[in-house]
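**Q** Have a look at this prediction, sequence included:
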Amino acid sequence: MATDRKALAAAGLFSFAALIPAGVRAQVAEGPGRDADEVAEQEPGFEQMPLPDPAMLGMDPAYQVTVRTRRPIARDETQDDVEVKGEELRESARPSTLEALSQENAGVYVTGRGSMHGVASGASGGIHIRGLGGSPNSQVLVVEDGLPDYMGIFGHPIPDAYVPALIEDALVIKGGDSVLFGSNAMGGVIALRSRWLDEDGFEVASDSAYGSYSTVRETASFLGRKDDLDLAAAFHAMSTRGHRDGAGGDQIVGQLGARRRVGSNLCLTAKNKLVHLRGGDPGPVTHPHADSWFDVWRSNTSLGLEWSPHPVRLTIRPFFNLGVHRLYDGFLSHDYVTGAIAEADVALHRSLDIIVGLAGQHIDGAVENRTGGERRKVDGITEPAVYGQLTWRPLEPLSIVAGGRGFYDETTGAPVFVYKAGARWEIYRGLYARTRVAKNFRRPTIRELYLPYPTANPDLRPEHALNWDVGLGYHSKHLEVGFTGYRTQA
């Protein structure tokens, strides 16, 4: 969203939304001969809350009904995290998804400026968690459906590229987790998960607004489910004259996804997101910029295979992220990030879970000055990695987590290892205590290695951060409160 709704109200203008619901919003699945275990296998990540015997309710006993509430998307029970529902992001009055997320979580700070964040010098949208992050934002990682999202040359996400229409929920992991997520997860991780319908039907939503500075915004989304096929699509467009001369611009974000469920254990997914940003940096009031424009195209494509025969869950996710950036001063870059992640989550015992994975990605691009025809030489970065995490519950209220990740660093020609360990104790009826230590890392970006913005240094080594925290909290159906003390050394 590109317009503050308070500004719309002050201007006496309008904002409306139309929604066609897919059915009862409580997540209910039913069908002849389906038991609770089958439902859980088809929809991993749900916990089961069985209702009374169907015969007692006057229903056909051939139907089993299971009401499912979605679990947090965290895989480390000891980390300090906050889950934000996608509905809260969609209802927020903030102009961007990241700013809406920071409004729901006091531990996240996102800079803002006008209706768009933009790119390059003068841009906003830097994410700060526990003192790390900033501009460019390469110390806090944004993850979409388990895959890292950042541009190849500068190593940061595009803050205007996230539209909440198809976001199910977001998990903010404070203190980072490079073991599971890799580079850039130093200060924290923002993990976004996509929306899909949980029952047959369709949902169409539209949200339009017109406001100050000739700002027009339209968001439309479609979700559908029929038998074993799921579809999700969204379109977001915004145009504004800007609050100052040179601050106007427009953005278009289109998303399309399809998911096919094969039997009860196999799920295939394909997704694509296309982003176009065009705008300007007006500069400081004392030295305004009249024509500092930018033009950005990005395409993010991913595939997914999930096979979950009990007690194993295997996922394979290849991805390809491509971008073209043009700036007013003649700067032109083409970059891409491509790779794949293969991961197995195995429940060895009811008290012992293990995650093992292989990850690899290649980052490359080309940079030139269109004014003088000068081309900068850059070398691509290839990063293979192996990682694992062990969760042990020696006692029912106690969880112990340990993990490590090893990867090959091309800049030094040597392997690098990061780790984490933590524990969580459920003391009594929602009261818990937890602690965790994690060593995280960030590889140098192509800009830092080869481009003079401000200085190139091909001998840079990976940056590390050691995070330790301890917390005490309480959670119930209506109340959640916690206290955390932390130390970050980077």
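**A** Yep, it's here. Just so we're clear, the structure is a prediction, and the values are computed from it rather than from any experiment.
**Q** Now L398: closest residue in space, sequence neighbours ignored.
**A** Distances taken as C-beta to C-beta, 6 or more residues apart in numbering put W425 closest to L398, at 5.4 Å, once the chain neighbours are dropped. The way it works is simple: take the backbone N, C-alpha and C, and place the C-beta from them, glycine included.
**Q** which other helices and strands contact the one helix or strand the one you found maps to?
**A** If you go by DSSP states H and E, W425 is part of strand 414-428. In terms of contacts (3 or more C-beta pairs under 8 Å, 6 or more residues apart in numbering; DSSP states H and E), strand 414-428 is packed against helix 178-181, strand 398-409, strand 431-442.
**Q** For the helix or strand that the first one is followed by, what is the distance to the chain centroid?
**A** In the C-terminal direction, the helix or strand that comes right after helix 178-181 (DSSP H and E) is strand 188-194. Here strand 188-194 shows a centroid-to-chain-centroid distance of 3 Å under the convention C-alpha atoms, centre = their mean, to the nearest Å.
**Q** With stretch 398-416 instead?
**A** Mean-position distance between stretch 398-416 and its chain equals 22 Å (C-alpha atoms, centre = their mean).
**Q** Over to stretch 351-361?
**A** The chain centroid and the centroid of stretch 351-361 are separated by 19 Å under C-alpha atoms, centre = their mean.
**Q** contacting residues around that stretch?
**A** Here stretch 351-361 makes contact (C-beta atoms under 8 Å, 6 or more residues apart in numbering) with 75, 148, 180, 182, 337-348, 382-394, 403.
**Q** swap the cut-off to 6 Å and go again
**A** The contact list for stretch 351-361 (C-beta atoms under 6 Å, 6 or more residues apart in numbering) reads 339, 341-348, 383-393.
**Q** Mark which of those residues are part of strands, please.
**A** Among those, the residues falling in strands (DSSP state E) are 339, 341-348, 383-393.
**Q** how close does the nearest residue to I427 once chain neighbours are set aside get to R424?
**A** Distance criterion C-beta to C-beta, 6+ apart; nearest residue to I427, sequence neighbours excluded, is A433 at 6.2 Å. Distance, A433 to R424, by C-beta to C-beta, to the nearest Å: 7 Å.
**Q** In terms of neighbours, single out the busier of the two.
**A** For A433 and R424, the more surrounded residue by other C-beta atoms under 10 Å is R424, and the numbers stand at 20 against 13.
**Q** roughly how far is stretch 125-139 from the heart of the chain?
**A** Centre-to-centre, stretch 125-139 and its host chain are 15 Å apart (C-alpha atoms, centre = their mean).
**Q** From one end of it to the other, what's the distance?
**A** For stretch 125-139, the first and last residues are 13 Å from each other (C-alpha to C-alpha, to the nearest Å).
**Q** Next, the buried residues of that stretch.
**A** Counting neighbours by 16 or more other C-beta atoms under 10 Å, one finds that the buried residues in stretch 125-139 are 125-130, 132-139.
**Q** Adding secondary structure, write the residues you listed out as TSV.
**A** Output for these, formatted as TSV (DSSP: H, G, I helix; E, B strand; the rest coil):
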residue	secondary structure
G125	coil
G126	coil
I127	strand
H128	strand
I129	strand
R130	coil
L132	strand
G133	strand
G134	coil
S135	coil
P136	coil
N137	coil
S138	coil
Q139	coil
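**Q** Take these and write them to JSON lines, including pLDDT and distance to G365.
**A** Formatted as JSON lines, the buried residues of stretch 125-139 follow (pLDDT from 0 to 100; distance: C-beta to C-beta, whole Å):
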{"residue": "G125", "pLDDT": "85", "distance to G365": "21"}
{"residue": "G126", "pLDDT": "89", "distance to G365": "22"}
{"residue": "I127", "pLDDT": "92", "distance to G365": "23"}
{"residue": "H128", "pLDDT": "93", "distance to G365": "27"}
{"residue": "I129", "pLDDT": "94", "distance to G365": "27"}
{"residue": "R130", "pLDDT": "92", "distance to G365": "30"}
{"residue": "L132", "pLDDT": "93", "distance to G365": "25"}
{"residue": "G133", "pLDDT": "91", "distance to G365": "23"}
{"residue": "G134", "pLDDT": "81", "distance to G365": "22"}
{"residue": "S135", "pLDDT": "75", "distance to G365": "20"}
{"residue": "P136", "pLDDT": "75", "distance to G365": "15"}
{"residue": "N137", "pLDDT": "85", "distance to G365": "18"}
{"residue": "S138", "pLDDT": "91", "distance to G365": "15"}
{"residue": "Q139", "pLDDT": "94", "distance to G365": "21"}
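**Q** which element is the nearest residue to G365 once chain neighbours are set aside on?
**A** Excluding its sequence neighbours, the residue lying closest to G365 (C-beta to C-beta, 6+ apart) is D335, at 3.3 Å. Per DSSP H and E, D335 falls inside strand 331-349.
**Q** which element follows that strand toward the C-terminus?
**A** Using DSSP H and E, the first helix or strand after strand 331-349 is strand 352-369.
**Q** ok, now which ones touch L171?
**A** Applying C-beta under 6 Å, 6+ apart to L171 gives the contacts 73-74, 81, 83, 191.
**Q** L460 reaches R443, doesn't it?
**A** No. Contact criterion C-beta atoms under 6 Å: L460 and R443 do not qualify, at 8.9 Å.
**Q** Between these two, tell me which one has more neighbours.
**A** Between L460 and R443, counting by other C-beta under 10 Å, R443 is the more crowded of the two (24 against 14).
**Q** Between strand 398-409 and the strand holding W425, find me the angle.
**A** Counting by axes from the mean of the first three to the mean of the last three C-alpha atoms, to 10 degrees, strand 414-428 lies at 170 degrees to strand 398-409.
**Q** Tell me the buried residues in strand 414-428?
**A** Result for strand 414-428 [16+ other C-beta under 10 Å]: buried residues 416, 418, 420-426.
**Q** partners of that strand in the sheet?
**A** Here strand 414-428 is paired, per DSSP bridges, with strand 398-409 (antiparallel), strand 431-442 (antiparallel).
**Q** need the ones you listed in CSV with distance to A161, can you?
**A** As requested, the strands paired with strand 414-428 are exported to CSV (distance: least, C-beta to C-beta, whole Å):
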stretch, distance to A161
strand 398-409, 26
strand 431-442, 20
